[in-house]
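>>> Any chance you could fold what I've pasted below:
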Amino acid sequence: MTVIAVNDARSPLAQRIAGLMILGFAVLALVVGVYREIRAGALVAPEAEAAQGVVVRYLHGDKRCSTCEEIEARTEALLRSAFAPEIEDRKLTFVATNYDRPENRHYLADYDLAFGSVVVEARDGGFVKVDEVWDFVMEDSDAMERCLERKIRAVLETEP
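You can find the predicted model right below:
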């Protein structure tokens, strides 16, 4: 009686399966790495591209609570709904920036940040910090959106 070992390491089928499993793991690791970079804010609009108009910058750290994520999501949703023409014309850009990354740490001093916030940056270097988002985010999302929209429109009106 002859026994054929399917899991024999020398078997071509076993080698092929092992190779495909390693390849699959490598692809999965790559996808997870890219996803984490995107969530960390590393793959957002380049600064040179964003500098063509007003920048609404959501600043956050490595560790983010659900409220931080809610502020970012609501800010981005507001921009997409209330400022679609300005985004289309590149007069307005949304950028999520992780201030815990070495290249972004200067934002903590630039904007006197103690925690995450939304900052509206004008092309002339002026800015408006919108810390009020923390007052409204969980209790009155409409008030948060009105506050943000009012401050963004005020900066847009100063632009040429």
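
>>> for this structure, which spans come out with low pLDDT?
Counting by pLDDT under 70, the chain has low-confidence residues at 1-10, 14, 18-19, 23-51.

>>> Which residue ranges of it form helices?
12-40, 47-50, 66-82, 84-88, 106-110, 133-136, 141-158 (DSSP state H).

>>> what's around E69, how many residues?
Neighbourhood size, E69 [other C-beta atoms under 10 Å]: 13. Heads up, the C-betas are built off the backbone N, CA and C, glycines and all.

>>> before we move on, what about the one 4 residues further on?
Residue neighbour count, defined by other C-beta under 10 Å, stands at 12 for A73.

>>> Over to the one 4 residues further on?
Neighbour count for A77, taken as other C-beta under 10 Å: 12.

>>> Same check on V155?
V155 sits with 20 neighbouring residues when counted by other C-beta under 10 Å.

>>> same deal with N104?
Other residues lying near N104 total 17 when counted by other C-beta under 10 Å.

>>> Kindly report the same for K129.
17.

>>> ditto for the one 4 residues further on
Counted with other C-beta under 10 Å, the burial measure for V133 works out to 24 neighbours.

>>> what's the span of stretch 121-133, first residue to last?
Counting by C-alpha to C-alpha, to the nearest Å, you get 16 Å between the two ends of stretch 121-133.

>>> What residues of it count as buried?
Using 16 or more other C-beta atoms under 10 Å as the test for burial, stretch 121-133 gives 121-122, 127-130, 133.

>>> ok, now stretch 132-143?
The neighbour-count criterion (16+ other C-beta under 10 Å) identifies 133-134, 136-137 as the buried residues of stretch 132-143.

>>> Please state the offset of it from the chain centre?
Centroid separation for stretch 132-143 versus its chain: 20 Å, with C-alpha atoms, centre = their mean, to the nearest Å.

>>> picking up where we left off before, output the buried residues of stretch 132-143 as CSV; include the columns distance to R150.
Shown next, in CSV, are the buried residues of stretch 132-143 (distance: C-beta to C-beta, whole Å):
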residue, distance to R150
V133, 12
W134, 16
F136, 12
V137, 16
